[in-house]
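Novice: give me the fold of what follows.
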Amino acid sequence: MSKHAAEPHISHADERRKALVEAAYQCIAGKGFSGLRTRDVAAQVGITHATLHYYFPTKVALIQAVIDYAVFQRLLQNVPHYEGNTPLEQIHRFLTVLQQRMREDPSNYLVLYELVRSAPNEPVIQEALAQRDIFADWHARLVSLIEAGIAQGQFRADLDPGSAASILITFILGLGMTLLVSVPVSDEMLVQLERLLTG
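Specialist: Sure, this is the predicted structure:
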């Protein structure tokens, strides 16, 4: 088979995988993880349950794909990755746009929350999360920015970059929780957080 003849098959397979992930995502968003049935996901896309396993051999693989989809294709869609002139400006821009993105489409965070909430009782989710550390990239980039900010004299010299990056990620997760509970939220929170970094 020529390379040209194989390309449509690859494209079709990619589209089918995306459709399955979207169907699983929507199922979790609507019914929670307990309502996720791979047979229903397959039927929604118009394939058999056996065919679904061709694209995702295990439920863990499907959950990993849903996590990636929720974070990198939905939550972080159109969110600038640390754009700005200085480390502080980059962090401010990232947090501001991410907060706006959460408000515009809460389902992105809610699907992740549902998976994390269900993880203690669901080995399949525990395995998926263990194999795909969704916050490792965020943490590493934030550590680099904080280190650069300290070196430039923008951030407090006594900051521990690793701990400060973890605090920022915890803040991001906390923003998501405000979608579930009534907590006063204002743009002033970002200002206060930045003051903790700059001293």
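Novice: which residues does Glu127 contact?
Specialist: Going by C-beta atoms under 8 Å, 6 or more residues apart in numbering, Glu127 touches Val60. C-beta: built from backbone N, CA, C; applies to glycine.
Novice: do you know how far the nearest residue to Ala119 once chain neighbours are set aside is from Ala140?
Specialist: With C-beta to C-beta, 6 or more residues apart in numbering as the criterion, Ala119 has its nearest non-adjacent residue at 4.4 Å, and that residue is Ile125. Per C-beta to C-beta, to the nearest Å, Ile125 is found 24 Å from Ala140.
Novice: neighbour count winner among these two?
Specialist: Neighbours around Ile125 and Ala140, counted as other C-beta atoms under 10 Å, are more numerous at Ile125. The numbers are 23 against 12.
Novice: surely that one touches Phe33?
Specialist: Yes. In terms of C-beta atoms under 8 Å, Ile125 counts as a neighbour of Phe33; the distance is 6.9 Å.
Novice: give the residues shared as contacts by the two.
Specialist: Shared contacts of Ile125 and Phe33 (C-beta under 8 Å, 6+ apart): Leu115, Ser118.
Novice: wait, Ala23 sits on Ile47?
Specialist: No. Here Ala23 lies out of contact with Ile47, judged by C-beta under 8 Å, at a distance of 10.2 Å.
Novice: give me the more crowded residue out of these two.
Specialist: When neighbours are counted by other C-beta under 10 Å, Ala23 and Ile47 differ, and Ala23 comes out ahead with 21 against 16.
Novice: list the contacts for the more buried one?
Specialist: By C-beta under 8 Å, 6+ apart, the contact set of Ala23 is Val41, Gln44, Val45.
Novice: most neighbours among these, please name it.
Specialist: That'd be Val41 among the contacts of Ala23, by other C-beta under 10 Å, with 25 neighbours.
Novice: could you say which helix or strand holds it?
Specialist: Of the helices and strands defined by DSSP states H and E, Val41 is found in helix 38-45.
Novice: mind listing residues that contact that helix?
Specialist: Helix 38-45 is contacted by residues Arg16, Ala19, Leu20, Ala23, Ala24, Cys27, Thr48, His49, Thr51, Leu52, Lys59, Leu62 when judged by C-beta under 8 Å, 6+ apart.
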